[in-house]
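Novice: When you get a sec, could you give me coordinates for this:
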Amino acid sequence: MAFKTDDKKSIALLHDMKDLLGFEWDGPKEWSFQVLRRTPDACRSYISPNRREFYKILYITKGISVLSIGLKSYYVDKPTIFFIPPHEILTFKKLDWESDGYICFFKRKLADNNNSLKIILDKYGLFTDPVKSAMSLSVEDVAELDRIFEKMLAINVQHGGPAEEDMLQIYLQLLMVTVSKNTSHPEPDTITDEFRHVNEFFQLLEDEVSGINYTSPIQAKTAQEFADKLLIHPNHLNALLKKHTGKNVSTHIKSKLLEESKVLLAQTDWSVQQIGYAVGFADQPNFSQFFKKNAGITPAEFRKNYERLSA
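Specialist: You can find the predicted model right below:
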């Protein structure tokens, strides 16, 4: 079924909805595995354009929605499970009040460090084969998966330790083997040109920042530069982003540069000057001014606070 994005509502950015999540997306708090129940209050329309280092399983048993993974879009009105790899641009649009099911997140490093889990991931290809990434579920499938997710939720690794995490990995492998018996894969729907442009902007912004370092800084950081790369007028790109996300191009670019700056301050020993150059500032004073204006503190203060909290 083709769909049209609601003209009357913007889609919230996921990083603006941290109050809905049972864990921190960034900061010193570490996690490897999380299972959450989908509820009507917690499930809202959102777009997630951020680079992520975790896999996501979205298990929907109730509610009508549109889920877009990259440029593939699915109209969901029946039980469906999705396997979403890291780095995909996601948009979820809720179309009614009902929501039920579960969401499972696990970090890439968890799979890299666990041979049995990695073997299952590679063998069944649920996160790598686009055809297998979405599965329609029967009543029997739902009953079987509900039991597995309930077990995973009950373990509550947030308050557990290595043994609990091992148990979750075993249930995760059981889950993937169980659904791999399913061969019912829904076809993606047609997407609008508007949504395609919005998605391409976020993908381009992600590509721009994903490889930056202090010897290879970001190349595009203005609305005009991004519009040129997308072969559309900057006013049109601004209008589309304002319509669908409530924010213009410059705001999204600034947010991304600020986010990337925080990551580099927290996770590298680069100097403030090197980090500023990496995110597109020719000199440190301009970078420090940008950072303080948008974060409320200087880059040095942010790094010091992060180190204190981590300790």
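
Novice: Tell me, how many residues neighbour Thr128?
Specialist: Look at Thr128: counted by other CB atoms under 10 Å, it has 12 neighbours. In this view, the C-beta of every residue, glycine as well, is placed from N, C-alpha and C.

Novice: With adjacent residues omitted, what lies nearest to it?
Specialist: Leaving out its chain neighbours, the residue that sits closest to Thr128 by CB to CB, 6 or more residues apart in numbering is Pro85, at 6.8 Å.

Novice: That neighbour against Tyr55, yeah?
Specialist: Yes - the criterion here is CB atoms under 8 Å, and Pro85 meets it with Tyr55 at 6.1 Å.

Novice: When these two are compared, which one has more neighbours?
Specialist: A count of neighbours by other CB under 10 Å puts Tyr55 above the other of Pro85 and Tyr55, at 21 against 17.

Novice: Help me confirm that that one is found in a strand?
Specialist: Yes - counting by DSSP: H, G, I helix; E, B strand; the rest coil, Tyr55 is located in a strand.

Novice: can you tell me how far the closest residue to Glu98 other than its chain neighbours sits from Asn213?
Specialist: Distances taken as CB to CB, 6+ apart put Gly63 closest to Glu98, at 4.2 Å, once the chain neighbours are dropped. Here the criterion is CB to CB, to the nearest Å. By it, Gly63 lies 42 Å from Asn213.

Novice: more neighbours, these two?
Specialist: Gly63 (18 against 13).

Novice: Would you check that that one makes contact with Thr80?
Specialist: No - using CB under 8 Å, Gly63 is not in contact with Thr80, being 10.4 Å away.

Novice: where in this structure is pLDDT low?
Specialist: Applying pLDDT under 70 to the chain flags residues 1-31, 41-42, 50-51, 157-160, 310-311.

Novice: Extract the CA atoms of stretch 210-223 and return them as CSV.
Specialist: Coordinates of the C-alpha atoms in stretch 210-223 are reproduced here as CSV (Å, rounded to 0.1, in the frame of the first residue of the first chain):
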residue,chain,number,x,y,z
SER,A,210,31.1,9.0,9.4
GLY,A,211,34.6,9.2,8.1
ILE,A,212,35.8,12.5,9.4
ASN,A,213,39.1,12.9,11.3
TYR,A,214,41.5,15.7,12.0
THR,A,215,43.3,15.1,8.7
SER,A,216,40.1,14.7,6.6
PRO,A,217,37.4,17.2,7.9
ILE,A,218,33.8,17.3,6.9
GLN,A,219,33.3,18.7,3.4
ALA,A,220,29.7,19.8,3.3
LYS,A,221,28.2,21.8,6.2
THR,A,222,25.7,24.3,4.6
ALA,A,223,22.2,23.9,3.3
